[in-house]
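*Asks:* structure for the following, please:
(chains A and B)
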Amino acid sequence: MTTSVPHLTELPLERPKGCPFDPPAELGTLRDEHPLVRLTFPDGHEGWLATGHAIARAVLADPRFSARQELMHSPLPGAAAMVEMPPAAPGMFIRMDGAEHARYRKLLTGKFTVRRMRLLSERVEQVTTEYLDAMERQGTSADLVTAFAQPIPALMICELLGVPYEDHEFFRLNVLPLNLPDAPAEEQEAAINALGEYLYKLILAKRAEPTDDILGELTTTELTDEELTSIAFLLLGAGLDTTANMLALGTFALLQHPDQLAVLREDPERIDGAIEELLRYLTIAHTGARTALEDVEIGGQLVKAGEAVALSGMAANRDPLKFPDPDRLDVRRNAAGHASFGHGVHQCLGQQLARVQMKVAFTGLLARFPKLRLAVPAEEIPMRTDSDIYGVYALPVAWD
Amino acid sequence: MKLEVDRERCVGAGMCVLTAPDVFAQDDEDGRVRLLDRDPAEIGDAVQLCPAAAITASE
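*Replies:* So this is what the prediction gives:
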């Protein structure tokens, strides 16, 4: 039976004052009583918001909920301009369902296995050491974002894909607006076009002269140039900003929780568990959405065909029914089952790459700078509240 | 316990290998799950963590 549920007129996104790592308090209050509520989306669509862990997972795992772009309603502010999207371009598989999605994903899964990603550890270590050396040479302070958190994943995804790292400044500038829903539409469009054109030319070059990297290998499959360009676009976009923000925001969180940092310094073997906990606690990819393909009864409610369900990963990851004392950062807890890489058939393809990079980079950073600290008061750290990837725009740090 | 995996459902996320590396492996070519041990004593949260519900365990 459908019972009366609260109706939100917008997605709560404002973080509590002084707690930059906590989700909006309103989300927590809602989740504990109504893990699925009505939500008016910025484009006027009347849909739903899922905040509970079990319900978010159920929606993500259910093929009756679609990820197709033309059915999509984004709950993020500024996304109204994106209403009535065309179907996903060939290759843009995160916005596809079923066999169409699986066909692309299968061509890529073998390239991101746990084993293959672990084989990269040594290379990630070399790269991490280079950037730590550069930080040290620079003096006793730096912006951790530009000196460390951004360049390491950027270099690694470039090497893996076979994108010349010399061009990284160009595509960094053209990836950034894509994750900022508030960026003007022209800026978004210009970024998409510039990046698309760059990658298309790169694919043509690899087609002419195949290279020993993921994009080079993919040119030997049945994929068209258009499909390859979209796939390159997706992987580059997914690999740059996400890990960068986990490294920077994760460091910020550890510095603000000295007891937890001490646990990790005393016992560096805890790093794997600490990474899962940071993924859970921070949930940088905080919000997603799916659309019902048919009437679905879920969480005691009837979600009608065509209605969108926004998924608050950050609220789900603080669900006390799943994680006891969820608002506490506890690097010793078992945070397995967090929704930070999503769930269902779209669960993050690059998650094992992200884990390897975080493991090496956090370990290297903490070992190199035993007295790492914030160089400005925490309140002065510019938070990325206007992006669908949460994080920091800068993290001034100092050491002795 | 007795394990079965459904390679058609598998999306190659690797959570099983991460959780129980002695029991599961990923095919090097397509990343899909392979069972190393059909009757293991322990697999941790591997069933629960599989994003595609591709692993079935029975007593």
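
*Asks:* now do the SS call for A:Leu49.
*Replies:* Secondary structure, DSSP: H, G, I helix; E, B strand; the rest coil: A:Leu49 is strand.

*Asks:* least trustworthy helix or strand in chain A by mean pLDDT?
*Replies:* helix A:168-175 (a mean of 76; mean pLDDT, DSSP states H and E).

*Asks:* quick one: contacts of that one?
*Replies:* For helix A:168-175, the surrounding residues in contact (Cβ atoms under 8 Å, 6 or more residues apart in numbering or on different chains) are A:150-151, A:154-155, A:158, A:163, A:191, A:194-195, A:198, A:236-237, A:240-241. Yep, even glycine has a C-beta here, placed from its N, CA and C like the rest.

*Asks:* can I get those residues in CSV with distance to chain B, secondary structure and pLDDT?
*Replies:* Shown next, in CSV, are those (distance: Cβ to the nearest Cβ, whole Å; DSSP: H, G, I helix; E, B strand; the rest coil; pLDDT from 0 to 100):
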residue, distance to chain B, secondary structure, pLDDT
A:Gln150, 25, coil, 93
A:Pro151, 26, helix, 92
A:Ala154, 23, helix, 91
A:Leu155, 23, helix, 93
A:Cys158, 22, helix, 93
A:Val163, 22, coil, 92
A:Ala191, 29, helix, 84
A:Ala194, 31, helix, 88
A:Leu195, 26, helix, 88
A:Tyr198, 28, helix, 93
A:Leu236, 20, helix, 89
A:Gly237, 19, helix, 85
A:Leu240, 20, helix, 85
A:Asp241, 20, helix, 88
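
*Asks:* can you say which of these are buried?
*Replies:* Burial by neighbour count, 16 or more other Cβ atoms under 10 Å in any protein chain shown: within those this picks out A:150-151, A:154-155, A:158, A:163, A:191, A:195, A:198, A:236-237, A:240-241.

*Asks:* dump the contacts of helix A:168-175 to a markdown table, plus distance to A:Leu178.
*Replies:* As requested, the contacts of helix A:168-175 are exported to a markdown table (distance: Cβ to Cβ, whole Å):
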| residue | distance to A:Leu178 |
| --- | --- |
| A:Gln150 | 15 |
| A:Pro151 | 19 |
| A:Ala154 | 15 |
| A:Leu155 | 20 |
| A:Cys158 | 17 |
| A:Val163 | 16 |
| A:Ala191 | 6 |
| A:Ala194 | 11 |
| A:Leu195 | 8 |
| A:Tyr198 | 13 |
| A:Leu236 | 10 |
| A:Gly237 | 6 |
| A:Leu240 | 10 |
| A:Asp241 | 9 |
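
*Asks:* tell me which parts of the stretch 51-200 of chain A are close to chain B?
*Replies:* A:60-61, A:102, A:105-106, A:108-116 (Cβ under 8 Å from any Cβ of the partner chain).

*Asks:* ok, which pair from the buried ones among the contacts of helix A:168-175 is furthest apart?
*Replies:* The widest separation within the buried ones among the contacts of helix A:168-175, taken as Cβ to Cβ, falls between A:Leu155 and A:Ala191 and amounts to 20.8 Å.

*Asks:* distance check, A:Pro86 against chain B.
*Replies:* 25 Å (Cβ to the nearest Cβ, to the nearest Å).

*Asks:* find the nearest non-adjacent residue to that residue, please.
*Replies:* A:Glu70 (6.2 Å; Cβ to Cβ, 6 or more residues apart in numbering or on different chains).

*Asks:* secondary structure class for that neighbour?
*Replies:* At A:Glu70 the chain is in helix, as set by three-state DSSP.

*Asks:* tell me the pLDDT at it?
*Replies:* Looking at A:Glu70, its pLDDT is 94.

*Asks:* so, low pLDDT: which residues of the chain?
*Replies:* Chain wasn't specified; assuming chain A. For chain A, the stretches with pLDDT under 70 are A:1-3, A:79-83, A:176, A:179-182.

*Asks:* recalculate using a threshold of 80.
*Replies:* Scanning chain A for pLDDT under 80 picks out A:1-3, A:78-84, A:168-169, A:171-185.

*Asks:* so the closest residue to chain B within it, which of the three states?
*Replies:* Taking Cβ to the nearest Cβ as the measure, chain A has A:Thr109 as its residue closest to chain B, at 2.8 Å. Recorded secondary structure, A:Thr109: helix (three-state DSSP).

*Asks:* that one touches B:Gly12, doesn't it?
*Replies:* Yes. Counting by Cβ atoms under 8 Å, A:Thr109 touches B:Gly12, with 2.8 Å between them.

*Asks:* quickly list what's touching both of the two.
*Replies:* By Cβ under 8 Å, 6+ apart, the residues touching both A:Thr109 and B:Gly12 are A:Leu349, B:Gln26, B:Asp30, B:Gly31, B:Arg32.

*Asks:* now those in CSV, with neighbour count, distance to B:Thr56 and secondary structure?
*Replies:* Shown next, in CSV, are the shared contacts of A:Thr109 and B:Gly12 (neighbours: other Cβ atoms under 10 Å in any protein chain shown; distance: Cβ to Cβ, whole Å; DSSP: H, G, I helix; E, B strand; the rest coil):
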residue, neighbour count, distance to B:Thr56, secondary structure
A:Leu349, 25, 24, coil
B:Gln26, 24, 18, strand
B:Asp30, 17, 20, coil
B:Gly31, 27, 20, coil
B:Arg32, 21, 15, coil
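
*Asks:* which of the residues you listed scores worst on pLDDT?
*Replies:* Out of these, that is B:Asp30, at 92.

*Asks:* how many neighbours does the residue nearest to that residue when sequence neighbours are not counted have?
*Replies:* Spatial nearest neighbour of B:Asp30, chain neighbours left out: A:Gly110 (4.7 Å); criterion: Cβ to Cβ, 6+ apart. Applying other Cβ atoms under 10 Å in any protein chain shown, we find 17 residues neighbouring A:Gly110.

*Asks:* quick check: bridge partners of A:Thr291?
*Replies:* Per DSSP bridges, the residues bridged to A:Thr291 are A:Ser66, A:Ala308.

*Asks:* which residues touch the residue of chain A closest to chain B?
*Replies:* A:Leu349, B:Val11, B:Gly12, B:Gln26, B:Asp30, B:Gly31, B:Arg32 are the contacts of A:Thr109 under Cβ under 8 Å, 6+ apart.

*Asks:* buried among the residues of the stretch 51-200 of chain A next to chain B? Make that a ChimeraX selection.
*Replies:* The buried subset of those, as determined by 16+ other Cβ under 10 Å, is captured in ChimeraX by this line:
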select /A:60,61,102,105,106,108,109,110,111,112,113,114,116
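
*Asks:* tell me which of the residues of the stretch 51-200 of chain A next to chain B is nearest to A:Val303?
*Replies:* Of these, the one sitting nearest to A:Val303 (Cβ to Cβ) turns out to be A:Leu60, at 13.7 Å.

*Asks:* name the nearest residue to the residue of chain B positioned farthest from its centre, sequence neighbours excluded.
*Replies:* In terms of distance from the mean C-alpha position of chain B, B:Glu29 ranks first, at 16.4 Å (Cα atoms, centre = their mean). Excluding the flanking residues, the one nearest B:Glu29 by Cβ to Cβ, 6+ apart is A:Gly110, at 5.0 Å.

*Asks:* residues making contact with stretch A:129-137?
*Replies:* Residues outside stretch A:129-137 that contact it (Cβ under 8 Å, 6+ apart) are A:Ala142, A:Ala147, A:Phe148, A:Pro151, A:Ile152, A:Gly364, A:Leu365, A:Arg368.
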